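**Student:** sharing a model prediction with you, sequence too.
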Amino acid sequence: MSTQALRFALVGNPNCGKTSIFNRLTGARAKVANYPGVTVERRTGPVSGTSTPANLVDLPGTYSLHVSSLDEKVARDIILGQMAGEAPPDVLIAVVDATNLRLGLRLVLELEKLGRPMILALNQADAAERRGIKIDTEGLAEAIGIPVVETVAIRRHGLKALREAIDQASTRYQGTQAEVISDAGASRKESVESLYQRIEQITAAHVIAPPDKITWQDKLDRFVMHPIAGLIALFMVLLLIFQAVFAWAAPIMDLIDGSFGTLSEWVAATLPDGILKDFLADGLIAGVGGVLVFLPQIIILFFFILLLEDSGYLTRAAFLLDRPMRGVGLSGRSFIPLLSSFACAVPGIMATRTVPDPRERIIAIMVAPLMTCSARLPVYTLIIAAFIPDQKVWGIFNLQGLTLFALYIAGIVSAALAAWLLRLRHTREEFPLLLELPAFRWPSPYHLLIGLRERTWVFLRRVGTIILALSIVLWALSSFPAPPADATGAAIEYSFAGQLGRLMQPLFEPMGFTWQMCIALIPAMAAREVAISALATVYAVGGETFEQALGQTLGQSWGLPVALAYLAWFVYAPQCLATIAVVRRETNSRSATAFFTFYLFALAYVAAVITYQVSSWLLS
Ligand SMILES: Nc1nc2c(ncn2[C@@H]2O[C@H](COP(=O)(O)OP(=O)(O)OP(=O)(O)O)[C@@H](O)[C@H]2O)c(=O)[nH]1
Ligand SMILES: [Mg+2]
């Protein structure tokens, strides 16, 4: 008899380690981090290393089946089998953080009422042991009537036992058909009181926990969550990150820049003049190399973000910022989605599913792209390096790093203002900030490495696909049609791109943009970084050290006011089709998406005009 693969679903409180287990069992590389609400979407994969085939679903965390936010709704709908197009899970794997058994058991006892087969994984057994918590797993298994396995997902401990439990369940429940459960309220019938009574009974009988004592973590918490010292510390942490992005990356960037320069020179020297040479040197090498140079900066930025994510600090920062954020119509709940938007607005906007207040969620979506995403970093860096002198301020700070920091702050302040304005249109009810503080942990080098590899890969894939393709298209548009024989200007002026740029230019006249800058805005709609290769193409820059050469060309042909206006444009403009698409999907509203696109373009326009006019006036 051939065995059919059953569906197993990982269910549990946020941050208990479901995704860590999922990655171990399936070999996937889904995102793991030390704060609640990392997973917001289901994810499926086949379990490896079991003797019977089994499929595993990783779910967002939830405290209960009576849900309040969208990510929890995803979890509940899948558990009950109410998600359209998805079969109900055959077996639930309830994951419980062993250091917080009481909270976990509440969900387990709710799930028990559903009558689905269940396995209990007591994860973070290592952390429980370190705190001196002892759990009698056999007693627990008997009390709840399901198999219990101790696991340590960060070290593979207990995963063999978990695979065996999956095998046993596969054999045992083979051929039974899981049904859709329509009445999740069934579990509510039992009073909350009797639920808690049962939890107390179980923990009293099977758990020995030493009395709480003050640890280094508590002391650290007192400092980082202090309303004043904590805010100063947070500010310093962020400042340090931007300094590092600028200062540390420079030598490696020069190296990459140099090697592309050499390559391009070699092509220029070896190939005969003609279209192939132009294409390779100006289209391909300049386009791809121009963006690839920024890899070190992106890696450094992500290194710090991953460090913060894995340490447990982010949830503290969310509490710290809860009050100031409420002042503008958001709350600490939106902090992590907004912080994620510094990497990329797309996952940031998806992470707003964890925000329980639907109005706050919409505001967070609307302002998320004002957080400076990593695709803007290359554009900022290039222009800053060309126009801002590389000098020290107050002996320690680098002026270029400070300028970069100021651009990030401009985004944050604008987001606060925009949120505040959007809030005026709504009356609000209060959703208190209920977030579990994860334990502080030393970031695991393993997670850091995996995370960095993943981000590097995403960036390289982007360079190799969309950026490459756009560079080629742009090169073609700016090379054809060829200039007439009696041409006096540069070849590009006669090309399609040149004509298009001139067509757009009057619109951008008030902010001082040249027609070359207008051309660069078009491919940058698909990926902001392409603005760089586009500028290189339209200004026909090539040769030895490409990025430096482009900087010099820009330094000569733009004035400072134009450069600042271009930066201001990039702070606001929704120059990213992927973001617009995800706003459409997450809001499920065409008018909200239209509003989103329009207000950001309008903001970009106004900001660029003001920047240009004011700085021209100041400098004249
Ligand atoms: N010490 C210890 N840490 C663990 C263990 N399993 C997971 N972690 C850590 O716990 C944190 C949360 O892990 P995730 O796998 O993201 O948790 P999750 O349940 O998927 O969280 P959500 O998606 O937010 O619901 C991460 O920092 C992990 O490194 C474990 O067995 N022991
Ligand atoms: Mg997860």
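**Tutor:** Thanks, I have the structure now. Ligands and ions are numbered 1, 2, ... in the order given.
**Student:** now do the buried residues in the longest helix along the chain.
**Tutor:** In the chain, taking DSSP state H as the definition, the longest helix is helix 590-619. Buried residues in helix 590-619, defined by neighbour count with 16 or more other C-beta atoms under 10 Å: 592-593, 596-597, 599-600, 603-605, 607-609, 611-612, 615-616. From N, CA and C alone the C-beta is placed, and that goes for glycine too.
**Student:** stretch 485-504 too?
**Tutor:** For stretch 485-504, by 16+ other C-beta under 10 Å, it's 491, 492, 493, 494, 495, 497, 498, 499, 500, 501, 504.
**Student:** and what of stretch 322-333?
**Tutor:** 322, 325, 326, 328, 329, 330, 331, 332, 333.
**Student:** so can I have CSV of the residues you listed showing secondary structure?
**Tutor:** Shown next, in CSV, are those (DSSP: H, G, I helix; E, B strand; the rest coil):
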residue, secondary structure
322, helix
325, helix
326, helix
328, coil
329, coil
330, coil
331, coil
332, helix
333, helix
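**Student:** now the residues you listed in JSON lines, with pLDDT?
**Tutor:** Formatted as JSON lines, the buried residues of stretch 322-333 follow (pLDDT from 0 to 100):
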{"residue": "322", "pLDDT": "89"}
{"residue": "325", "pLDDT": "90"}
{"residue": "326", "pLDDT": "89"}
{"residue": "328", "pLDDT": "89"}
{"residue": "329", "pLDDT": "87"}
{"residue": "330", "pLDDT": "90"}
{"residue": "331", "pLDDT": "90"}
{"residue": "332", "pLDDT": "90"}
{"residue": "333", "pLDDT": "90"}
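**Student:** quick check: residues of the stretch 351-500 of the chain near ligand 1?
**Tutor:** Proximity of the stretch 351-500 of the chain to ligand 1, by C-beta under 6 Å from any ligand atom, involves residues 444, 447.
**Student:** hey, where'd the helices end up in the stretch 351-500 of the chain?
**Tutor:** For the stretch 351-500 of the chain, the helices defined by DSSP state H, counting those that start in this stretch cover 358-367, 376-387, 399-423, 445-462, 468-479, 496-508.
**Student:** tell me the helices and strands packed up against the shortest one.
**Tutor:** In this case it means helix 358-367. When contacts are defined as 3 or more C-beta pairs under 8 Å, 6 or more residues apart in numbering; DSSP states H and E, helix 358-367 sits against helix 335-340, helix 399-423, helix 577-587, helix 590-619.
**Student:** count of neighbours near the residue in the stretch 201-350 of the chain that ligand 1 sits nearest to?
**Tutor:** Taking C-beta to the nearest ligand atom, ligand 1 has its nearest neighbour within the stretch 201-350 of the chain at residue 310, 5.4 Å off. Neighbour count of residue 310, defined by other C-beta atoms under 10 Å: 23.
**Student:** who are the contact partners of it?
**Tutor:** Residues near residue 310 by C-beta atoms under 8 Å, 6 or more residues apart in numbering: 33, 34, 441, 443, 444, 447, 448.
**Student:** swap the cut-off to 7 Å and go again
**Tutor:** Applying C-beta atoms under 7 Å, 6 or more residues apart in numbering to residue 310 gives the contacts 33, 34, 441, 443, 444, 447.
**Student:** and residue 96, which of the three is it?
**Tutor:** Applying three-state DSSP: residue 96 is strand.
**Student:** all further residue positions should be reported with the first residue as 9.
**Tutor:** New numbering, starting at 9: the last item is residue 104.
**Student:** wait, it touches residue 127, no?
**Tutor:** No. Taking C-beta atoms under 7 Å as the contact criterion, residue 104 and residue 127 are not neighbours in contact, 11.2 Å apart.
**Student:** residues in the stretch 409-558 of the chain within reach of ligand 2, list them.
**Tutor:** Taking C-beta under 5 Å from the ion, no part of the stretch 409-558 of the chain reaches ligand 2.
**Student:** quick one: low-confidence parts of the stretch 409-558 of the chain?
**Tutor:** 432-438, 495, 497, 548-554 (pLDDT under 70).
**Student:** for the residue of it found nearest ligand 2, which non-adjacent residue is spatially closest?
**Tutor:** Proximity to ligand 2, evaluated over the stretch 409-558 of the chain using C-beta to the ion, is greatest for residue 446 at 12.4 Å. Nearest residue to residue 446, sequence neighbours excluded (C-beta to C-beta, 6 or more residues apart in numbering): residue 320, at 4.4 Å.
**Student:** ok so, going back, can you list the contacts of residue 318 in a markdown table and add neighbour count?
**Tutor:** Output for the contacts of residue 318, formatted as a markdown table (neighbours: other C-beta atoms under 10 Å):
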| residue | neighbour count |
| --- | --- |
| 41 | 24 |
| 42 | 21 |
| 449 | 14 |
| 451 | 19 |
| 452 | 16 |
| 455 | 19 |
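**Student:** ligand 1: which of those residues is nearest?
**Tutor:** The closest of the contacts of residue 318, once distances to ligand 1 are taken by C-beta to the nearest ligand atom, is residue 42, at 3.4 Å.
**Student:** the closest one against residue 316, yeah?
**Tutor:** No. Look at residue 42 against residue 316 with C-beta under 7 Å: they stay out of range, at 9.3 Å.
**Student:** gap between the spatially closest residue to residue 454 that is not a sequence neighbour and residue 457?
**Tutor:** In space, and not counting its chain neighbours, residue 454 is closest to residue 162: 7.6 Å by C-beta to C-beta, 6+ apart. Residue 162 sits 13 Å away from residue 457, going by C-beta to C-beta, to the nearest Å.
**Student:** and the residue nearest to residue 454, what's its pLDDT?
**Tutor:** At residue 162, the model reports a pLDDT of 88.
**Student:** ok, the one 4 residues further on next?
**Tutor:** We note a pLDDT of 91 for residue 166 in this prediction.
**Student:** and residue 311, by the same measure?
**Tutor:** So residue 311 comes in at 91 (pLDDT).
**Student:** and the buried residues of stretch 493-512, which is closest to ligand 1?
**Tutor:** residue 512 (44.3 Å).
**Student:** and the residue in the stretch 59-208 of the chain that ligand 1 sits nearest to, which of the three is it?
**Tutor:** Ranking the residues of the stretch 59-208 of the chain by distance to ligand 1 (C-beta to the nearest ligand atom) places residue 69 first, at 2.7 Å. Following three-state DSSP, the label given to residue 69 is coil.
**Student:** residue contacts, it?
**Tutor:** Per C-beta under 7 Å, 6+ apart, neighbours of residue 69: 20, 21, 22, 23, 24, 26, 44, 45, 47.
**Student:** same question, residue 576
**Tutor:** Residue 576 touches 615, 616, 619, counting by C-beta under 7 Å, 6+ apart.
**Student:** over to residue 489?
**Tutor:** 502, 503.
**Student:** so what's the backbone phi/psi at it?
**Tutor:** phi -70, psi 160 (degrees, to the nearest 10).
**Student:** tell me how far it lies from residue 507.
**Tutor:** Residue 489 is 10 Å from residue 507, by C-beta to C-beta.
**Student:** before we move on, what about residue 150?
**Tutor:** In terms of C-beta to C-beta, residue 150 sits 79 Å off from residue 507.
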